[in-house]
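Enquirer: just coords:
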């Protein structure tokens, strides 16, 4: 199993940023999610985030919301998420689950952590879980050998960044701007400052997400961050494709472009 520590050590040795791709389980279909994520890995993604579809995605913009809606219509459940993780982890990529806290809470933190580890997952990203309430999940994750990734934002004061970073293992997720997910024409200028501020409080890698959708943007972020996170741009290729084969081709094309950017720091 490839760990996050291994991924970032390899990227540092190659003087590049790691490329992190996101895709919801169950989209465009249950099997199609594994196929698309595999294409992302083959194109150059080092880490894959598998999204757990949720009916109230507070952080997600319209592109991810559309994909999550299709996944829910497809009947995707936590068991399907775990099967997706298993299929993606088999590619050799470090595989995370990105999920809001409520599904884990309802399912049971210990049970979720054990099943994720058994499926080959290496950790989770929990965008709405705050440090003050993260104790039970951190304990369950540690017991299962999982990394925990939390988010900092441009609006976070230094004390908050320190508190969030203290809860993280694996890496710290730096949101490039205040708002919901979605590819944008430019990356917020606050992102680089946020990475610098975060590094004052941790030696963990800092990865930037939200808004990245092109190789040029990936290269820009790779110039100051340890990882480049891309979600909506991959999903848009699948949503706009006339069929699955065209969608996979689009994902591979974008993945290769982004990987070249992440390697061109």
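Expert: Arrived safely, thanks for sending. Predicted model only: the values in this text are computed from it and were never measured. Residues are numbered from 1 along each chain as shown.
Enquirer: Verify the stated contact: residue 156 with residue 164.
Expert: Yes. Counting by C-beta atoms under 8 Å, residue 156 touches residue 164, with 7.1 Å between them. Bear in mind the C-beta positions are built from the backbone N, C-alpha and C, glycine included.
Enquirer: list residues touching both of those two?
Expert: Common contact partners of residue 156 and residue 164 (C-beta atoms under 8 Å, 6 or more residues apart in numbering): none.
Enquirer: Compare these two (neighbour count), which wins?
Expert: residue 164 (24 against 18; other C-beta atoms under 10 Å).
Enquirer: Next, that one: secondary structure please.
Expert: Look at residue 164: counting by DSSP: H, G, I helix; E, B strand; the rest coil, its state is helix.
Enquirer: before we move on, what about residue 196?
Expert: At residue 196 the chain is in helix, as set by three-state DSSP.
Enquirer: ok, it to residue 225 distance?
Expert: In this view, residue 196 and residue 225 are 10 Å apart by C-beta to C-beta, to the nearest Å.
Enquirer: more crowded one of these two?
Expert: A direct count of neighbours by other C-beta under 10 Å for residue 196 and residue 225 places residue 225 higher, at 27 against 11.
Enquirer: which residues touch that one?
Expert: For residue 225, the contacting residues are 17, 174, 191, 192, 195, 206, 207, 208, by C-beta under 8 Å, 6+ apart.
Enquirer: element containing the fourth one, please.
Expert: In this case it means residue 192. Using DSSP states H and E, residue 192 sits in helix 190-199.
Enquirer: ok now the helix or strand just after that helix, how far from the chain's centre?
Expert: Going down the chain from helix 190-199, the next helix or strand is strand 206-209, by DSSP H and E. Centroid separation for strand 206-209 versus its chain: 9 Å, with C-alpha atoms, centre = their mean, to the nearest Å.
Enquirer: quick one: buried residues of strand 206-209?
Expert: Going by neighbour count (16 or more other C-beta atoms under 10 Å), the buried part of strand 206-209 is 206, 207, 208, 209.
Enquirer: avg pLDDT for the helix or strand that that strand is followed by?
Expert: Elements were assigned by DSSP H and E; along the chain past strand 206-209, the next helix or strand is helix 215-222. Helix 215-222 carries an average pLDDT of 95.
Enquirer: Longest helix of the chain, counting residues only.
Expert: What stands out as the longest helix in the chain, according to DSSP state H, is helix 244-262.
Enquirer: looking at it, residue 149 is touching residue 173, isn't it?
Expert: Yes. Using C-beta under 8 Å, residue 149 is in contact with residue 173, at 5.4 Å.
Enquirer: Spit out the residues that contact these two alike.
Expert: Listed as contacting both residue 149 and residue 173 by C-beta under 8 Å, 6+ apart are residue 125.
Enquirer: what about residue 169, which SS state?
Expert: Looking at residue 169 with three-state DSSP, the answer is coil.
Enquirer: Next, count neighbours for it.
Expert: Neighbours around residue 169, by other C-beta under 10 Å: 17.
Enquirer: residues in contact with it?
Expert: Residue 169 neighbours (C-beta under 8 Å, 6+ apart): 123, 147, 148, 149, 204.
Enquirer: Count the neighbours of the last one for me.
Expert: This points to residue 204. Close neighbours of residue 204, defined as other C-beta under 10 Å, add up to 20.
Enquirer: And the pLDDT at it?
Expert: Residue 204 is assigned 98 on the pLDDT scale.
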